[in-house]
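**Student:** Provide a 3D model corresponding to the input given below.
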Amino acid sequence: MATGAKVFRTISSSAVPSKLAINTQPVGIITQDRSAGLAGRFGQLPAMLPVEVQVTDQDTGNKVVLKSSVILDSDLTPTLAAMAVIEGLDRALDRVGAGSARIDFEVLTAGARADLRRQNLFYHRADVAGVAIMDLLGYINFLLQNSFEEVLPLAVNVSAVVCDDNLSAVIADAYVAQDTVLPGAEVDLSVLLRPYRGSLTKITIPIKIPENALPGRLDLFISGGALWSEDESEEDGILVSGAVNFAEAYHEWAIKPANMHIIVQYTPDLIGEAENGDVQADDVANSDLQPRCLLTETSWFVQGSRLVSLEVADPAVE
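**Tutor:** Here you go, the predicted structure:
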(Lines give C-alpha, C1' and ligand atoms only; values in the text may rest on other atoms or scores of the structure.)
Protein backbone atom coordinates (compact mmCIF):
# COMPACT_ATOMS: atom_id res chain seq x y z
CA MET A 1 0.00 0.00 0.00
CA ALA A 2 1.18 3.51 -0.83
CA THR A 3 0.27 6.34 1.51
CA GLY A 4 1.06 9.99 1.86
CA ALA A 5 3.49 11.09 4.56
CA LYS A 6 3.91 14.04 6.88
CA VAL A 7 7.62 14.67 7.45
CA PHE A 8 8.59 16.24 10.75
CA ARG A 9 12.34 16.23 10.42
CA THR A 10 15.15 15.21 8.10
CA ILE A 11 18.04 13.48 9.83
CA SER A 12 21.34 14.01 8.04
CA SER A 13 23.88 11.22 8.14
CA SER A 14 26.72 10.03 5.94
CA ALA A 15 25.83 6.43 6.81
CA VAL A 16 22.01 6.25 7.05
CA PRO A 17 20.19 9.49 6.24
CA SER A 18 16.49 9.32 7.11
CA LYS A 19 13.28 11.23 7.72
CA LEU A 20 11.06 11.26 10.81
CA ALA A 21 7.51 11.01 9.46
CA ILE A 22 4.04 9.50 9.89
CA ASN A 23 1.72 7.92 7.34
CA THR A 24 -1.32 9.81 6.13
CA GLN A 25 -4.20 8.59 3.94
CA PRO A 26 -3.71 5.72 1.43
CA VAL A 27 -3.17 6.93 -2.13
CA GLY A 28 -2.53 3.74 -4.10
CA ILE A 29 -0.80 0.40 -4.35
CA ILE A 30 2.87 -0.57 -4.69
CA THR A 31 3.33 -3.40 -7.18
CA GLN A 32 7.14 -3.61 -7.36
CA ASP A 33 9.90 -2.79 -4.87
CA ARG A 34 13.41 -2.87 -6.32
CA SER A 35 16.74 -1.31 -5.38
CA ALA A 36 16.42 1.08 -8.32
CA GLY A 37 12.98 2.32 -7.27
CA LEU A 38 9.29 1.57 -6.77
CA ALA A 39 6.41 0.92 -9.16
CA GLY A 40 2.74 1.25 -8.37
CA ARG A 41 -0.63 2.77 -9.21
CA PHE A 42 -2.38 5.79 -7.77
CA GLY A 43 -6.07 5.49 -6.95
CA GLN A 44 -6.04 1.69 -6.68
CA LEU A 45 -5.98 0.23 -3.17
CA PRO A 46 -4.99 -3.35 -2.27
CA ALA A 47 -7.46 -5.82 -0.79
CA MET A 48 -7.31 -5.63 2.99
CA LEU A 49 -8.34 -7.95 5.83
CA PRO A 50 -9.84 -6.23 8.90
CA VAL A 51 -8.58 -7.61 12.22
CA GLU A 52 -10.25 -6.67 15.51
CA VAL A 53 -8.69 -7.70 18.82
CA GLN A 54 -10.23 -7.32 22.29
CA VAL A 55 -8.06 -8.31 25.26
CA THR A 56 -8.82 -8.20 28.99
CA ASP A 57 -6.17 -8.67 31.67
CA GLN A 58 -7.98 -10.54 34.42
CA ASP A 59 -5.45 -9.48 37.06
CA THR A 60 -5.30 -5.74 36.42
CA GLY A 61 -8.63 -5.14 34.71
CA ASN A 62 -6.81 -3.53 31.81
CA LYS A 63 -8.83 -3.72 28.57
CA VAL A 64 -7.50 -3.12 25.08
CA VAL A 65 -9.42 -2.89 21.80
CA LEU A 66 -7.25 -2.83 18.70
CA LYS A 67 -8.64 -2.45 15.19
CA SER A 68 -6.36 -2.79 12.20
CA SER A 69 -6.28 -3.94 8.59
CA VAL A 70 -3.62 -6.10 6.97
CA ILE A 71 -2.95 -6.67 3.30
CA LEU A 72 -4.62 -9.75 1.82
CA ASP A 73 -1.69 -11.82 0.56
CA SER A 74 -1.08 -15.56 0.90
CA ASP A 75 2.46 -15.04 2.21
CA LEU A 76 2.05 -11.91 4.33
CA THR A 77 -1.49 -12.08 5.76
CA PRO A 78 -1.01 -14.90 8.32
CA THR A 79 2.03 -13.27 9.90
CA LEU A 80 0.62 -9.73 9.84
CA ALA A 81 -2.71 -10.82 11.35
CA ALA A 82 -0.88 -12.74 14.08
CA MET A 83 1.28 -9.68 14.78
CA ALA A 84 -1.86 -7.58 15.25
CA VAL A 85 -3.13 -10.06 17.85
CA ILE A 86 0.24 -10.16 19.64
CA GLU A 87 0.23 -6.37 19.76
CA GLY A 88 -3.18 -6.39 21.46
CA LEU A 89 -2.06 -9.03 23.96
CA ASP A 90 1.19 -7.20 24.74
CA ARG A 91 -0.62 -3.90 25.27
CA ALA A 92 -3.05 -5.49 27.73
CA LEU A 93 -0.35 -7.44 29.58
CA ASP A 94 2.19 -4.62 29.45
CA ARG A 95 4.89 -7.25 29.89
CA VAL A 96 6.46 -10.31 28.29
CA GLY A 97 6.37 -13.41 30.44
CA ALA A 98 4.51 -16.41 31.81
CA GLY A 99 0.76 -16.67 32.00
CA SER A 100 -2.40 -18.18 30.60
CA ALA A 101 -4.64 -16.93 27.81
CA ARG A 102 -8.12 -18.03 26.81
CA ILE A 103 -8.57 -17.17 23.14
CA ASP A 104 -11.84 -16.99 21.21
CA PHE A 105 -11.41 -16.23 17.53
CA GLU A 106 -13.70 -15.99 14.54
CA VAL A 107 -12.62 -16.03 10.91
CA LEU A 108 -15.26 -15.07 8.35
CA THR A 109 -14.80 -16.13 4.74
CA ALA A 110 -16.34 -15.38 1.36
CA GLY A 111 -19.69 -17.13 1.06
CA ALA A 112 -19.39 -18.32 4.68
CA ARG A 113 -18.00 -21.57 3.26
CA ALA A 114 -15.09 -21.84 5.68
CA ASP A 115 -16.13 -19.72 8.66
CA LEU A 116 -14.52 -20.92 11.86
CA ARG A 117 -15.24 -20.05 15.49
CA ARG A 118 -12.84 -21.63 17.93
CA GLN A 119 -11.88 -21.40 21.59
CA ASN A 120 -8.58 -22.52 23.06
CA LEU A 121 -6.54 -22.16 26.23
CA PHE A 122 -2.80 -21.51 26.21
CA TYR A 123 -0.12 -21.47 28.88
CA HIS A 124 3.56 -20.64 28.51
CA ARG A 125 6.28 -20.15 31.08
CA ALA A 126 8.12 -17.45 29.10
CA ASP A 127 5.87 -15.71 26.55
CA VAL A 128 2.16 -16.51 26.62
CA ALA A 129 1.34 -13.93 23.93
CA GLY A 130 3.74 -15.60 21.53
CA VAL A 131 1.99 -18.99 21.71
CA ALA A 132 -1.59 -17.72 22.02
CA ILE A 133 -1.71 -16.81 18.32
CA MET A 134 -0.78 -20.28 17.03
CA ASP A 135 -4.34 -21.44 16.26
CA LEU A 136 -5.21 -18.30 14.33
CA LEU A 137 -1.89 -18.31 12.48
CA GLY A 138 -2.39 -21.94 11.49
CA TYR A 139 -5.95 -21.50 10.25
CA ILE A 140 -5.24 -18.43 8.12
CA ASN A 141 -2.22 -20.26 6.71
CA PHE A 142 -4.52 -23.15 5.84
CA LEU A 143 -7.08 -20.91 4.12
CA LEU A 144 -4.57 -19.04 1.99
CA GLN A 145 -2.12 -21.83 1.20
CA ASN A 146 -4.30 -24.94 0.90
CA SER A 147 -3.80 -26.87 -2.33
CA PHE A 148 -7.50 -27.36 -3.10
CA GLU A 149 -9.28 -24.04 -3.62
CA GLU A 150 -8.88 -20.31 -3.25
CA VAL A 151 -10.74 -19.22 -0.11
CA LEU A 152 -10.46 -15.60 0.97
CA PRO A 153 -10.90 -14.52 4.59
CA LEU A 154 -13.11 -11.45 5.00
CA ALA A 155 -12.64 -10.57 8.67
CA VAL A 156 -10.87 -11.75 11.81
CA ASN A 157 -12.26 -11.13 15.30
CA VAL A 158 -10.32 -12.15 18.40
CA SER A 159 -11.38 -11.97 22.05
CA ALA A 160 -8.88 -12.90 24.76
CA VAL A 161 -8.71 -13.06 28.55
CA VAL A 162 -5.20 -13.24 30.00
CA CYS A 163 -3.87 -13.75 33.52
CA ASP A 164 -0.66 -14.50 35.40
CA ASP A 165 -1.97 -17.83 36.74
CA ASN A 166 -0.62 -21.18 35.62
CA LEU A 167 -3.77 -22.92 34.40
CA SER A 168 -1.97 -26.07 33.29
CA ALA A 169 -2.66 -29.60 34.50
CA VAL A 170 -0.94 -32.94 33.95
CA ILE A 171 -2.60 -36.32 33.44
CA ALA A 172 -1.38 -38.10 36.57
CA ASP A 173 -3.16 -41.43 36.06
CA ALA A 174 -5.94 -43.17 34.16
CA TYR A 175 -7.74 -46.42 34.88
CA VAL A 176 -10.95 -48.38 34.37
CA ALA A 177 -12.94 -50.26 36.98
CA GLN A 178 -12.94 -53.51 34.99
CA ASP A 179 -10.26 -54.89 32.70
CA THR A 180 -12.53 -57.24 30.74
CA VAL A 181 -15.62 -56.06 28.88
CA LEU A 182 -18.14 -57.43 26.40
CA PRO A 183 -18.91 -55.91 22.99
CA GLY A 184 -21.61 -53.25 23.33
CA ALA A 185 -20.85 -52.57 26.99
CA GLU A 186 -20.03 -49.16 28.45
CA VAL A 187 -17.05 -48.72 30.73
CA ASP A 188 -16.12 -45.68 32.80
CA LEU A 189 -12.62 -44.36 32.23
CA SER A 190 -11.31 -42.36 35.19
CA VAL A 191 -8.67 -39.74 34.41
CA LEU A 192 -6.81 -38.05 37.27
CA LEU A 193 -5.62 -34.52 36.56
CA ARG A 194 -3.08 -32.75 38.72
CA PRO A 195 -3.45 -28.97 38.28
CA TYR A 196 -0.40 -26.83 38.92
CA ARG A 197 0.08 -26.74 42.70
CA GLY A 198 -3.45 -28.07 43.15
CA SER A 199 -5.14 -31.24 44.36
CA LEU A 200 -6.00 -34.17 42.11
CA THR A 201 -9.24 -33.93 40.16
CA LYS A 202 -10.99 -37.00 38.78
CA ILE A 203 -12.82 -36.79 35.48
CA THR A 204 -14.97 -39.75 34.40
CA ILE A 205 -15.34 -40.43 30.69
CA PRO A 206 -17.82 -43.12 29.52
CA ILE A 207 -16.37 -45.34 26.79
CA LYS A 208 -18.76 -47.25 24.55
CA ILE A 209 -17.37 -50.55 23.29
CA PRO A 210 -18.59 -51.10 19.70
CA GLU A 211 -21.23 -53.78 19.26
CA ASN A 212 -19.15 -55.46 16.57
CA ALA A 213 -15.85 -55.34 18.42
CA LEU A 214 -13.92 -58.54 17.94
CA PRO A 215 -12.33 -60.32 20.92
CA GLY A 216 -8.88 -59.13 21.83
CA ARG A 217 -6.99 -56.25 23.35
CA LEU A 218 -8.37 -52.73 23.17
CA ASP A 219 -5.90 -49.93 23.89
CA LEU A 220 -7.13 -46.55 25.11
CA PHE A 221 -4.60 -43.78 24.49
CA ILE A 222 -5.36 -40.81 26.74
CA SER A 223 -3.59 -37.52 26.10
CA GLY A 224 -3.94 -33.83 26.78
CA GLY A 225 -4.82 -31.44 24.00
CA ALA A 226 -1.49 -29.67 24.52
CA LEU A 227 0.34 -32.88 23.58
CA TRP A 228 -1.78 -33.15 20.42
CA SER A 229 -0.72 -29.64 19.40
CA GLU A 230 2.96 -30.37 20.04
CA ASP A 231 2.86 -33.44 17.79
CA GLU A 232 1.49 -31.57 14.79
CA SER A 233 3.64 -30.53 11.85
CA GLU A 234 4.30 -26.84 11.31
CA GLU A 235 2.58 -27.25 7.93
CA ASP A 236 -0.37 -29.18 9.36
CA GLY A 237 -3.52 -28.57 7.33
CA ILE A 238 -1.55 -27.37 4.30
CA LEU A 239 0.64 -30.19 3.00
CA VAL A 240 0.42 -33.16 5.34
CA SER A 241 -3.36 -33.44 5.68
CA GLY A 242 -4.90 -36.68 4.40
CA ALA A 243 -7.96 -34.83 3.09
CA VAL A 244 -8.91 -35.34 -0.56
CA ASN A 245 -10.81 -32.05 -0.98
CA PHE A 246 -11.27 -28.70 0.72
CA ALA A 247 -14.44 -29.75 2.54
CA GLU A 248 -12.61 -32.60 4.26
CA ALA A 249 -9.63 -30.42 5.14
CA TYR A 250 -11.93 -27.77 6.62
CA HIS A 251 -13.78 -30.43 8.62
CA GLU A 252 -10.47 -31.56 10.13
CA TRP A 253 -9.93 -28.01 11.36
CA ALA A 254 -13.50 -27.71 12.64
CA ILE A 255 -13.16 -30.79 14.88
CA LYS A 256 -9.54 -30.24 15.87
CA PRO A 257 -8.94 -30.79 19.62
CA ALA A 258 -8.07 -27.82 21.79
CA ASN A 259 -5.46 -27.61 24.54
CA MET A 260 -8.08 -27.90 27.29
CA HIS A 261 -9.37 -31.23 25.98
CA ILE A 262 -8.70 -34.71 27.30
CA ILE A 263 -8.42 -36.85 24.17
CA VAL A 264 -9.23 -40.57 24.21
CA GLN A 265 -8.32 -42.51 21.08
CA TYR A 266 -9.09 -46.18 20.68
CA THR A 267 -9.56 -48.92 18.11
CA PRO A 268 -9.52 -52.73 18.52
CA ASP A 269 -6.12 -54.26 17.87
CA LEU A 270 -7.40 -56.38 14.98
CA ILE A 271 -4.57 -56.35 12.48
CA GLY A 272 -1.95 -57.74 14.83
CA GLU A 273 -4.29 -60.50 15.99
CA ALA A 274 -5.18 -61.42 12.41
CA GLU A 275 -1.51 -61.86 11.59
CA ASN A 276 -1.18 -64.15 14.60
CA GLY A 277 -4.10 -66.27 13.42
CA ASP A 278 -6.53 -65.37 16.21
CA VAL A 279 -9.06 -63.95 13.75
CA GLN A 280 -9.42 -64.26 10.01
CA ALA A 281 -8.08 -61.53 7.76
CA ASP A 282 -11.50 -61.36 6.06
CA ASP A 283 -13.03 -60.43 9.41
CA VAL A 284 -10.70 -57.46 9.60
CA ALA A 285 -11.36 -56.35 6.04
CA ASN A 286 -15.14 -56.60 6.44
CA SER A 287 -15.27 -54.97 9.87
CA ASP A 288 -16.62 -51.40 9.98
CA LEU A 289 -14.63 -50.59 13.09
CA GLN A 290 -12.83 -47.30 12.77
CA PRO A 291 -10.48 -45.44 15.13
CA ARG A 292 -12.50 -43.29 17.49
CA CYS A 293 -11.59 -40.04 19.20
CA LEU A 294 -13.47 -38.68 22.22
CA LEU A 295 -12.97 -35.11 23.45
CA THR A 296 -13.75 -34.03 27.00
CA GLU A 297 -13.38 -30.34 27.82
CA THR A 298 -11.73 -29.21 31.05
CA SER A 299 -10.74 -25.89 32.61
CA TRP A 300 -7.00 -26.51 32.20
CA PHE A 301 -4.22 -26.57 29.64
CA VAL A 302 -3.90 -30.37 29.70
CA GLN A 303 -0.51 -32.05 29.27
CA GLY A 304 0.77 -35.62 29.48
CA SER A 305 -0.55 -38.99 28.35
CA ARG A 306 -1.42 -42.46 29.59
CA LEU A 307 -2.19 -45.85 28.02
CA VAL A 308 -4.93 -48.11 29.39
CA SER A 309 -5.57 -51.59 27.99
CA LEU A 310 -8.81 -53.57 28.10
CA GLU A 311 -9.65 -57.09 27.05
CA VAL A 312 -12.74 -57.47 24.87
CA ALA A 313 -14.21 -60.86 25.73
CA ASP A 314 -15.85 -63.24 23.28
CA PRO A 315 -19.59 -63.25 24.13
CA ALA A 316 -19.86 -66.79 22.75
CA VAL A 317 -17.48 -68.10 25.40
CA GLU A 318 -18.92 -68.39 28.89
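**Student:** what sits up against stretch 143-154?
**Tutor:** The set of residues external to stretch 143-154 that reach it, using Cβ atoms under 8 Å, 6 or more residues apart in numbering, is 47, 49, 72, 74, 77-78, 107-110, 113-114, 140, 237-239, 243, 245-246, 249. The C-beta positions use only the backbone N, C-alpha and C, and glycine is treated the same way.
**Student:** Please repeat the previous calculation with a cut-off of 7 Å.
**Tutor:** 49, 72, 74, 77-78, 107-110, 113-114, 140, 238, 245-246, 249 (Cβ atoms under 7 Å, 6 or more residues apart in numbering).
**Student:** and what of stretch 104-123?
**Tutor:** For stretch 104-123, contacts defined as Cβ under 7 Å, 6+ apart pick out 100-103, 128, 131-132, 135-136, 139-140, 143, 151-159, 166-168, 250, 253-254, 258-260, 301.
**Student:** Out of those, list just those in strands.
**Tutor:** 100-103, 153-159, 168, 301 (DSSP state E).
**Student:** about what we covered before: lowest-confidence entry in the contacts of stretch 143-154?
**Tutor:** When it comes to pLDDT, residue 238 is the least confident member of the contacts of stretch 143-154, at 49.
**Student:** about what we covered before: now compare the contacts of stretch 143-154 and name the two farthest from each other.
**Tutor:** Farthest apart among the contacts of stretch 143-154 by Cβ to Cβ are 49 and 245. That separation is 24.6 Å.
**Student:** More neighbours: the two, which one.
**Tutor:** Set residue 49 next to residue 245 and count neighbours by other Cβ atoms under 10 Å: residue 49 wins out with 23 against 10.
**Student:** which SSE is the more buried one in?
**Tutor:** Counting by DSSP states H and E, the element that carries residue 49 is strand 48-57.
**Student:** quick one: strands adjacent to that strand?
**Tutor:** strand 63-71 (antiparallel), strand 153-163 (parallel) (DSSP bridges).
**Student:** Give me the contacts around it.
**Tutor:** Contacts made with strand 48-57 from outside it, assessed by Cβ under 7 Å, 6+ apart, are listed as 63-72, 77, 81, 84-85, 88-89, 92-93, 153, 155-162.
**Student:** one more time with 6 Å
**Tutor:** Outside strand 48-57, the residues that touch it by Cβ atoms under 6 Å, 6 or more residues apart in numbering are 63-70, 72, 77, 81, 84-85, 88-89, 92, 153, 155-162.
**Student:** Got a ChimeraX select line for the buried ones in those?
**Tutor:** Provided next is the ChimeraX selection string for whichever of the contacts of strand 48-57 are buried by 16 or more other Cβ atoms under 10 Å:
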select :64,66,68,69,70,72,77,81,84,85,88,89,92,153,156,158,160,161,162
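**Student:** which of the contacts of stretch 143-154 count as buried?
**Tutor:** Buried members of the contacts of stretch 143-154, counted by 16+ other Cβ under 10 Å: 49, 72, 77-78, 107-109, 114, 140, 238, 246, 249.
**Student:** Max pairwise distance over the ones in strands among the contacts of stretch 104-123: which two?
**Tutor:** Comparing every pair within the ones in strands among the contacts of stretch 104-123 by Cβ to Cβ identifies 154 and 168 as the most remote, at 34.7 Å.
**Student:** Settle it for me: which of these two has more neighbours?
**Tutor:** In terms of neighbours (other Cβ under 10 Å), residue 168 is the more surrounded of residue 154 and residue 168; the figures are 23 against 14.
**Student:** ok, now which ones touch the more buried one?
**Tutor:** Applying Cβ under 6 Å, 6+ apart to residue 168 gives the contacts 123, 196, 301.
**Student:** what's the closest of those residues to residue 2?
**Tutor:** residue 123 (41.8 Å).
**Student:** related to what we said a few turns ago, distance to residue 37 and mean pLDDT for the strands paired with strand 48-57 - can I get that in a markdown table?
**Tutor:** As requested, those are exported to a markdown table (distance: least, Cβ to Cβ, whole Å; pLDDT from 0 to 100):
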| stretch | distance to residue 37 | mean pLDDT |
| --- | --- | --- |
| strand 63-71 | 21 | 96 |
| strand 153-163 | 32 | 97 |
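**Student:** Residue 6 is nearest to which of these?
**Tutor:** With distances scored as Cβ to Cβ, the stretch of the strands paired with strand 48-57 nearest to residue 6 is strand 63-71 (19.9 Å).
**Student:** one step back: make a ChimeraX selection of the buried ones in the contacts of residue 168.
**Tutor:** The following ChimeraX command selects only the buried members of the contacts of residue 168, with burial defined by 16+ other Cβ under 10 Å:
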select :123,301
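**Student:** Now the contacts of residue 168 in TSV, please, with extra columns for distance to residue 36 and pLDDT.
**Tutor:** Putting the contacts of residue 168 into TSV (distance: Cβ to Cβ, whole Å; pLDDT from 0 to 100) gives the following:
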residue	distance to residue 36	pLDDT
123	49	97
196	57	97
301	51	98
